[in-house]
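Trainee: predicted model and sequence below, questions to follow.
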Amino acid sequence: MDIARTEVAPRPRGNAARLGLMALPVAFFAVFFAYPVAAIVARGLRIDGAWHLGRITEVLAEPGVGQVLWFTTWQALASTALTLLVALPGAYVFARLDFPGKRMLRAVVTVPFVLPTVVVGTAFLALVGRGGLLDDLWGVRLDGTVWAVLLAHVFFNYAVVVRTVGGLWAQLDPRQEEAARMLGASRLTAWRTVTLPALGPAVAAAALMVFLFTFTSFGVVQILGGPGFSTIEVEIYRQTSQIFDLSTAAVLTLVQFAAVGAILGVHAWTVRRGESTLRLVDAARTARTPRGAGQRALLGAVLATIAVLLVLPLAVLVARSFDAPGFGYYTALTRTDGGTFLVAPIEAVGNSLRYAVAATLIAVLIGSLAAAALARKGAGRLVRGFDALLMLPLGVSAVTVGFGFLITLDEPPLDLRASWILVPLAQALVGAPFVVRTMLPVLRAVDERLREAAAVLGASPWRVWREVDLPIVRRALLIAAGFAFAVSLGEFGATVFIARPDNPTLPVAVARLLGRPGDLNYGQAMALSTILMVVCAVALLVLERLRTEPTERGVV
């Protein structure tokens, strides 16, 4: 009887600890996501105080809506598959091969992820549109086709797969695969039966993030797809800002919400079935110089892919920013025109950095607590449902979130309209899911017996986290922080509605310049985009140094 009490006693304490960890993330998402989204949907479906739910069937019965839903789903699935196909070899190269310039190249790979969609769309248009590079060289045009959209989506999301999957891959013990080889398995069989199952949660997490981003694609589809293609996100924007039909926009938001919820439910179920404890080692010990013709050929292929798919569009942006004599476009950024901006456009650089730092701190705090709660053993349906809910901000229209902020956070006790923190809060909503998805596979791979041993010796939950979990997940935590910072720098959809005119962010400033006619405005937009790329690259290089220095000293 005493033994039974001893076995059962830790369970309530474990549940209490999990609930304590979940309290702040639940409150954050409830106040700054669920409440604004619910408010904007309710405003669209309520007329004169009465609910008009029949509007849902009316909108879904419209001929064009079915086509929009089909294209949204199809292009997201195709983009996800193509991104995994192209980026998984890159994840292996960055995780297991050591070569000159690796640290800088990892930062370069991440830069496209922070660029505003309008900038990327314009850059790809210069490559594949009329008068673009392909048109000039071979007379080939891809604008107005789905191929231009798919390639741009791979450009955006390449870093998601490389950093999410590569972060875990670098810490997998290679001796397990080597043991399978010694037992007679071929290299492919050993990878398929040993490494791939271990990478399953990280691959699933990366695929989920890519799918959610492409499912809600807006700028890329609007610029490169043209009027022939429309996603749910594009249609929500059109109904909200051009037609002013909030009821149709609300129905489409509900459809998007339901589709994303179903996808997240399937994802949570598959990840739970594939969970296992992995043997993690210091990432500095797993990377080696390329051996043999096969590894050298793979490295060459990955470098060529990065050069053509990622570097070339960035090079177009840089070249366009120097089209004016001297540094004409950059000089113009220091002047106030009194029309588009209340301040000089260059001030957007400082604004973006301040907002991104604050958003990163919020996202890391919220995401770390949520990941720690989800990683604890014995999670019930409620906790697994919370895991899926954390990803919803990536799959719900940023237009809806932005408008929701405007109509809900405008009166006490949450009157934040005049507060600078409003922008970081919106950015953290997108950054926190990246923190969770990056840290969760590593946290779940930690041997639970280590935590139990520390608890038996009298360590508090906080001390267990600090002395057991944190040393193991430190690398994943820094990767998560880098993702959160990068996402915050490039967030545009919600920020464009809440950023004050005298404090624009870089993506908002770029969009405003692109929205005005004239070569000067276009050139300034390219100059600001180049600055955004440089700021991101420098920040990511600093992160790479901070992340690798401790391991070089022999600290895991």
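Mentor: Everything's here; your move.

Trainee: contacting residues around the spatially closest residue to residue 109 that is not a sequence neighbour?
Mentor: Nearest non-adjacent residue to residue 109, counting by Cβ to Cβ, 6 or more residues apart in numbering: residue 159, 5.0 Å away. To be clear about C-beta, it is placed using only N, CA and C from the backbone, and glycine gets the same treatment. By Cβ atoms under 8 Å, 6 or more residues apart in numbering, the contact list for residue 159 reads 109-110, 112-113, 486.

Trainee: pull out the buried members of those residues.
Mentor: 109-110, 112-113, 486 (16 or more other Cβ atoms under 10 Å).

Trainee: got those as JSON lines, with secondary structure columns?
Mentor: Below are the buried ones among the contacts of residue 159 laid out as JSON lines (DSSP: H, G, I helix; E, B strand; the rest coil):
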{"residue": "109", "secondary structure": "helix"}
{"residue": "110", "secondary structure": "helix"}
{"residue": "112", "secondary structure": "helix"}
{"residue": "113", "secondary structure": "helix"}
{"residue": "486", "secondary structure": "helix"}
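
Trainee: what is the nearest of the residues you listed to residue 264?
Mentor: Using Cβ to Cβ, residue 113 is the member of these that lies nearest residue 264, at 21.2 Å.

Trainee: identify the residue nearest the closest one in space, chain neighbours excluded?
Mentor: residue 159 (4.6 Å).

Trainee: residue closest to the middle of the chain?
Mentor: Nearest to the mean C-alpha position of the chain, by Cα atoms, centre = their mean, lies residue 434 at 5.6 Å.

Trainee: check what pLDDT residue 545 gets.
Mentor: According to the prediction, residue 545 has pLDDT 67.

Trainee: same question for residue 318.
Mentor: pLDDT, residue 318: 85.

Trainee: which of the residues in whatever helix or strand it lives in are buried?
Mentor: Taking DSSP states H and E as the definition, residue 318 sits inside helix 312-321. Neighbour counts using 16+ other Cβ under 10 Å place 313-314, 316-317, 320-321 of helix 312-321 among the buried residues.

Trainee: what packs against whichever helix or strand comes after that helix?
Mentor: Later in the chain than helix 312-321, the nearest helix or strand by DSSP H and E is helix 328-332. Using 3 or more Cβ pairs under 8 Å, 6 or more residues apart in numbering; DSSP states H and E, the elements in contact with helix 328-332 are helix 519-552.

Trainee: helices of the stretch 201-350 of the chain, start to end?
Mentor: Ranges of helices within the stretch 201-350 of the chain are 219-220, 232-237, 246-273, 292-305, 312-321, 328-332, 347-375, based on DSSP state H, counting those that start in this stretch.

Trainee: hey, what's residue 47 bridged with?
Mentor: Legend: beta-bridge partners of residue 47 under DSSP bridges are residue 50.

Trainee: still on that earlier bit, let me know the closest of the buried ones among the contacts of residue 159 to residue 82.
Mentor: Among the buried ones among the contacts of residue 159, residue 112 lies closest to residue 82 (Cβ to Cβ), at 15.1 Å.

Trainee: shouldn't that closest one be in contact with residue 155?
Mentor: Yes - counting by Cβ atoms under 8 Å, residue 155 is a contact partner of residue 112 at 5.3 Å.

Trainee: what do the two both touch?
Mentor: What both residue 112 and residue 155 touch, as defined by Cβ under 8 Å, 6+ apart, is the set 120, 310, 313.

Trainee: how many residues are close by residue 481?
Mentor: 23 (other Cβ atoms under 10 Å).

Trainee: what pLDDT is listed against it?
Mentor: Confidence score, pLDDT, at residue 481: 86.

Trainee: please verify my assumption that residue 237 contacts residue 402.
Mentor: No - in this structure, residue 237 is not within contact of residue 402 by Cβ under 8 Å, at 10.4 Å.

Trainee: wait, what's in contact with residue 228?
Mentor: Contacts here follow Cβ under 8 Å, 6+ apart; on that basis residue 228 touches residue 144.

Trainee: distance of it from residue 234?
Mentor: Distance of residue 228 to residue 234, computed by Cβ to Cβ, to the nearest Å: 12 Å.

Trainee: which residues does residue 510 contact?
Mentor: Listed by Cβ under 8 Å, 6+ apart, the contact partners of residue 510 are 116, 118-119, 525, 528-529, 532.

Trainee: remind me which residues of the stretch 201-350 of the chain are low pLDDT?
Mentor: Counting by pLDDT under 70, the stretch 201-350 of the chain contains low-confidence ranges at 267-285, 337-341.

Trainee: just the stretch 451-556 of the chain next, same as before
Mentor: 543-556.

Trainee: and residue 370, what pLDDT?
Mentor: In this model, residue 370 is scored at 88, pLDDT.

Trainee: leaving out the residues flanking it, which one is nearest to it?
Mentor: The shortest distance from residue 370 to any non-neighbouring residue, by Cβ to Cβ, 6+ apart, is to residue 25 (4.1 Å).

Trainee: about what we covered before: from residue 529, how far off is the residue nearest to residue 113?
Mentor: The gap separating residue 159 from residue 529 is 17 Å, by Cβ to Cβ.
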